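K.L.:
okay, predicted coordinates and the sequence, questions at the end:
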Amino acid sequence: MIGIDAGGTKILGVVLDPNRAVEHELRTTWRERTTDATVELLIEFCRELEKAVGEVQAFGFGLPALVPSARGAIPYSTHLPLEGVDFRVRAAQALGRPVAVDNDVNCALRGEVAMGAAVDRQNVVMLTLGTGIGGALLLDGQLYRGARGFAAELGHIPIAKDGPPCQGKCPGRGCLEALASGGALGRAARELAERDPESTLGQALLAGAEIDGALVTDLALAGDRQAQALIATVGEHLGVGLAAFANAFDPELILIGGGLARAGELLLGPARRVLEQRALPAIREQVQVELAGLGERAGAIGAAIMAAELCAREE
C-alpha cells in the first residue's frame, strides 16, 4: 500500500509491505500552487512511488484539510488550494485504483496507534507542529471525527483573545497555530534578527538565509541561547493549549509530532511546566506528554494503513 502525507511545505510518501514495514520512501517539495497543479503533483508522486515497487492495490492520502466523512468536495484547506475538489474521485479516476483520504493528522494518529507511541492507548490527543498546527483525537479507542468529519482542528483553538491573526484562511486571532507553530517561531525569529543584527539570527538574515522554524531549531540544538529562548516561548504557548486539551478530553497521552518536535525537550519542557500550572490537578497528574514515535513518517504510514483497511472492506 502507498501512503502520502501532503504537508504545507513538503510531500512524503511510503510504501508498506504486508508486514507494515516501510519498503520504500520518497519525498519532494511543492512547486506551483494552483489547484490543478497540486492535484497533478500528488498523482505524479504516487506514480513515481509505484514505479519503484510495482503495482499496489490502493492509495491513501493525508491532506491538511477538512475532509468530509462522506464522499464530497473538500470545503476548507489552510495551506493547499484544494477547496471545492472531490479529491477521492479525482485521484481514483487518475490512478485507476481505490483511494482513501483523511485529514493528515488523523492519518498520523492512526499510524501512532497501529505501530507508534500510542499502541494500546484508548484516549490520545495528537498535535503536529509544522507550518501550522494540526490535531487529532482518539477517544475511547476511536478516532473522533465530529458530525461531518471536521473535528479536532486543535490548532485553531484560541488561546489569546487579542492575539495575532492566524495563518492562511483562518479568520481567528490568537489561535494556538498563530503562537506555537513553526510559522509562529519563524516570524518571532525574523523580528529578533531585524532587531538585533549582531545576533546569530541577525547574521544569518544579513547572509541571505531563510529565517524559519527549521533554522531556529538547528541553532537551538547547537546551543544558541536566543534561539533556545524563542523555542521556550513557543513551548509556553503550546502548554496553554495542552492544559485546555487535557481538561477537555482527559487523555492518557498527548503526542507531539511534526517538524518542530525535533526541538525535543527545548520545546516540551516549557510546555509541560505550563500544563502542570494550568491543568486541573486530578488530570495533570495522569496525562503524559511525549514525542510521536514514528516521527515525520507517521502521517504517510497512517495513510498507507488506511488504504489497506479500504481494500479489506471492499474484498
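P.N.:
That came through fine. Model, not experiment: these values are computed from the prediction. Residues are numbered from 1 along each chain as shown.

K.L.:
any stretches of the stretch 201-315 of the chain with poor pLDDT?
P.N.:
Along the stretch 201-315 of the chain, the model assigns pLDDT under 70 to residues 314-315.

K.L.:
quick one, helices of it?
P.N.:
213-221, 225-249, 265-278, 281-284, 298-314 (DSSP state H, counting those that start in this stretch).

K.L.:
possible to save the ones you listed as a markdown table with distance to G135 and mean neighbour count?
P.N.:
For the C-beta atoms, the positions are set from N, CA and C on the backbone; glycine is no exception. Putting these into a markdown table (distance: least, C-beta to C-beta, whole Å; neighbours: other C-beta atoms under 10 Å) gives the following:
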| stretch | distance to G135 | mean neighbour count |
| --- | --- | --- |
| helix 213-221 | 18 | 21 |
| helix 225-249 | 8 | 21 |
| helix 265-278 | 15 | 18 |
| helix 281-284 | 18 | 12 |
| helix 298-314 | 13 | 23 |
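
K.L.:
among the ones you listed, which is nearest R195?
P.N.:
helix 225-249 (10.7 Å; C-beta to C-beta).

K.L.:
name the element L127 belongs to?
P.N.:
strand 124-129 (DSSP states H and E).

K.L.:
okay, the angle between that strand and helix 213-221?
P.N.:
Angle, strand 124-129 to helix 213-221, by axes from the mean of the first three to the mean of the last three C-alpha atoms, to 10 degrees: 100 degrees.

K.L.:
which other helices and strands does the helix or strand just after strand 124-129 contact?
P.N.:
Moving toward the C-terminus from strand 124-129, the next helix or strand (DSSP H and E) is strand 133-139. Here strand 133-139 touches helix 104-115, strand 124-129, helix 176-180, going by 3 or more C-beta pairs under 8 Å, 6 or more residues apart in numbering; DSSP states H and E.

K.L.:
run the chain-centre distance for the first one.
P.N.:
In terms of C-alpha atoms, centre = their mean, to the nearest Å, the centre of helix 104-115 is found 10 Å from the chain centre.

K.L.:
list the buried residues for that helix?
P.N.:
If you call a residue buried by 16 or more other C-beta atoms under 10 Å, then helix 104-115 has these buried ones: 104-115.

K.L.:
stretch 184-203: how far from the chain's middle?
P.N.:
25 Å.

K.L.:
from memory A298 sits against G257, does it?
P.N.:
Yes - counting by C-beta atoms under 8 Å, A298 does reach G257; the two are 5.6 Å apart.

K.L.:
residues shared between the contacts of those two?
P.N.:
Common neighbours of A298 and G257, counting by C-beta atoms under 8 Å, 6 or more residues apart in numbering, are 108, 112, 128, 292.

K.L.:
from those, which is closest to D120?
P.N.:
For the shared contacts of A298 and G257, the nearest to D120 is E112 (11.3 Å; C-beta to C-beta).

K.L.:
excluding its backbone neighbours, what's nearest that closest one?
P.N.:
The shortest distance from E112 to any non-neighbouring residue, by C-beta to C-beta, 6 or more residues apart in numbering, is to A118 (4.2 Å).

K.L.:
pretty sure the one you found is in a helix, no?
P.N.:
No - membership of A118 in a helix is not supported by DSSP: H, G, I helix; E, B strand; the rest coil, which gives coil.

K.L.:
just give me the neighbour total for it.
P.N.:
Number of residues near A118 (other C-beta atoms under 10 Å) recorded here: 25.

K.L.:
begin at 38, not 1, for the rest of this chat.
P.N.:
Done: numbering now begins at 38, and the last item shifts to A155.

K.L.:
compare the helices and strands packed on strand 170-176 and report which one is nearest to E247.
P.N.:
Using C-beta to C-beta, these put strand 161-166 closest to E247, at 18.2 Å.

K.L.:
A221: what secondary structure?
P.N.:
A221 is classified as helix under three-state DSSP.

K.L.:
separation between the nearest residue to A345 once chain neighbours are set aside and R68?
P.N.:
Distance criterion C-beta to C-beta, 6+ apart; nearest residue to A345, sequence neighbours excluded, is M38 at 4.7 Å. For M38, the distance to R68 (C-beta to C-beta, to the nearest Å) stands at 26 Å.

K.L.:
same question for I293.
P.N.:
Taken as C-beta to C-beta, the span from I293 to R68 is 30 Å.

K.L.:
good, wrapping up.
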